[in-house]
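*Asks:* need a structure here:
(one chain, ligands or ions: 1)
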Amino acid sequence: MDEKKIILSGIKPSGALTLGSYLGAIKNWVELSDTYNCYYMMADMHAITIRQDPAALRRTTLEQIAQYIACGLDPDKNVIFIQSQVPAHAELSWVLSCYTMFGELSRMTQFKDKSAKNADNINAGLFTYPALMAADILIYQADLVPVGDDQKQHVELTRDIAGRFNGIYGDVFKLPEPFIPKVGARIMSLQDPTSKMSKSEQDTGGCVCLMDKPEDIMRAFKRAVTDSDTRVRYDVKEKPGVSNLMQIYAVAAGKSVIETEKDFDCRGYGDFKQAVGEAVVELLRPVREEAARLLSDKAYLEKVYTEGAEKAAYTANKTLRKVYKKIGFVQK
Ligand code: AQP
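*Replies:* Numbering: from 1, shown residues only. From the prediction side, this is the model:
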């Protein structure tokens, strides 16, 4: 019997993947893929809570698969799939939404943030998004969910929903734990270090994307907002810009924040920004080159997501059948 614990995570193909998506999510997924049974999806159903251009969504979804693999996720070791190709997610989501309270959903920070930013499209999907996320996780009986710290609240709600369901019907769902990286949990915008680096905000200059050219990456870091002091010192409250750059450098160069502080003591911001830019260029270079190569092999990508969806559906349908039986749906 396979004793490995199960992991589920995903990213919305709502724009080109950023350094935040990489450091906060994918890099950790790669490290986990030897020890766990991992399911990693393109969360296209979550992406449409914000209006997407259909051609761009299709393109970005395929690019994302290529980038997952280029970042080191081996399709033979991980189940890599597109969420909408496993209908059991949507089916379980409906069931779980009947066990999720209006008040719980109203308290979700992401709903408040996203509805403030998209005042002309506060749709029901944006509101019930956490029920779909709960279905994504619970349908694989995931033990761990690697997320950036902004998603912790949704994993906690998932546990509450699972606990409520189990309380009525017995032990149907495993209660998942969030898994938050110590460094890189929240990479901030280079232009506004008080808000998260987001792939849907690429025109602000605050974002670095995995496929950006080295010269664009260097320019983004040179222009990064810092402060009027000159010391490279970690202090998120007083020096959010510099602290963000230190986090990025630490993960990209494989050092600790304390080592980074020592390395750049008395060297000034110019030197430091140059070093952060160079570390990120070198970190992303192999990813960019491999993703470009994979993208030109559409047949291979199709094989990966088709096989991924088959494997995912096999596990997901088992949980769904159990749920349908428990709640009293007539079995086929
Ligand atoms: N800046 C970030 N720092 C650390 N982790 C991050 N994640 C995303 N941005 C950062 C983590 O990546 C996973 C996938 O997130 P997502 O893309 O599905 O949703 P998101 O968090 O809403 O990402 P964006 O880039 O902000 O997308 P848009 O702009 O479309 O809303 C999550 O684990 C997340 O924590």
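
*Asks:* who's in contact with whichever residue of the stretch 51-200 of the chain sits closest to the ligand?
*Replies:* Using C-beta to the nearest ligand atom, the single residue of the stretch 51-200 of the chain nearest to the ligand is Gly148, 2.4 Å away. The way it works is simple: take the backbone N, C-alpha and C, and place the C-beta from them, glycine included. By C-beta atoms under 8 Å, 6 or more residues apart in numbering, the contact list for Gly148 reads Gly20, Gly24, Ala25, Ile180, Pro181, Ala185, Arg186, Lys196.

*Asks:* let's see it at 7 Å
*Replies:* Contacts for Gly148 (C-beta atoms under 7 Å, 6 or more residues apart in numbering) come out as Gly24, Ala25, Ala185, Arg186.

*Asks:* same question, Glu104
*Replies:* Counting by C-beta under 7 Å, 6+ apart, Glu104 makes contact with Leu157, Asp160.

*Asks:* Distance check, it against Phe111.
*Replies:* Glu104 sits 11 Å away from Phe111, going by C-beta to C-beta, to the nearest Å.

*Asks:* Give me the common contacts of these two.
*Replies:* Counting by C-beta under 7 Å, 6+ apart, Glu104 and Phe111 have no shared contacts at all.

*Asks:* could the contacts of Gly148 be laid out in TSV, adding distance to the ligand, neighbour count and secondary structure?
*Replies:* Converted to TSV, the contacts of Gly148 look like this (distance: C-beta to the nearest ligand atom, whole Å; neighbours: other C-beta atoms under 10 Å; DSSP: H, G, I helix; E, B strand; the rest coil):
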residue	distance to the ligand	neighbour count	secondary structure
Gly24	2	27	helix
Ala25	4	23	helix
Ala185	6	19	coil
Arg186	5	17	coil
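
*Asks:* how would you label Leu8: helix, strand or coil?
*Replies:* At Leu8 the chain is in strand, as set by DSSP: H, G, I helix; E, B strand; the rest coil.

*Asks:* I'd say it and Ala142 touch.
*Replies:* Yes - using C-beta atoms under 7 Å, Leu8 is in contact with Ala142, at 4.1 Å.

*Asks:* Between the two, which contacts overlap?
*Replies:* By C-beta under 7 Å, 6+ apart, no residue touches both Leu8 and Ala142.

*Asks:* Quick check: which ranges of the stretch 1-150 of the chain have low pLDDT?
*Replies:* Within the stretch 1-150 of the chain, the segments meeting pLDDT under 70 span 1-2.

*Asks:* Tally up the residues packed near the nearest residue to Lys5 once chain neighbours are set aside, please.
*Replies:* Closest residue to Lys5 apart from its sequence neighbours, by C-beta to C-beta, 6 or more residues apart in numbering: Asp143 at 4.1 Å. Applying other C-beta atoms under 10 Å, we find 18 residues neighbouring Asp143.

*Asks:* go on, Tyr169?
*Replies:* Per other C-beta under 10 Å, the neighbour tally for Tyr169 reads 16.

*Asks:* In contact with it, which residues?
*Replies:* Applying C-beta under 7 Å, 6+ apart to Tyr169 gives the contacts Lys326.

*Asks:* any idea how far it lies from Pro181?
*Replies:* For Tyr169, the distance to Pro181 (C-beta to C-beta) stands at 34 Å.

*Asks:* rewinding a little: next, give me the two most distant ones among the contacts of Gly148.
*Replies:* Ala25 and Arg186 (11.4 Å; C-beta to C-beta).

*Asks:* Just give the nearest non-adjacent residue to the residue of the stretch 201-332 of the chain found nearest the ligand, would you?
*Replies:* Closest residue of the stretch 201-332 of the chain to the ligand, C-beta to the nearest ligand atom: Glu201 (6.1 Å). Residue nearest to Glu201 in three dimensions, not counting chain neighbours: Cys207, with 6.4 Å by C-beta to C-beta, 6+ apart.

*Asks:* Could you verify my assumption that the one you found touches Thr18?
*Replies:* Yes - contact status for Cys207 versus Thr18: in contact at 5.2 Å, counting by C-beta under 7 Å.

*Asks:* Please enumerate the shared neighbours of the two.
*Replies:* Met197, Lys199.

*Asks:* quick revisit: which among the contacts of Gly148 gets closest to Gly277?
*Replies:* Using C-beta to C-beta, Gly24 is the member of the contacts of Gly148 that lies nearest Gly277, at 19.2 Å.

*Asks:* what's the closest one in contact with, if anything?
*Replies:* By C-beta under 7 Å, 6+ apart, the residues touching Gly24 are Gly148, Pro181, Gly184, Ala185, Arg186, Ile187.

*Asks:* farthest pair in these?
*Replies:* Spanning the widest gap among the contacts of Gly24 are Pro181 and Ile187, at 10.4 Å by C-beta to C-beta.
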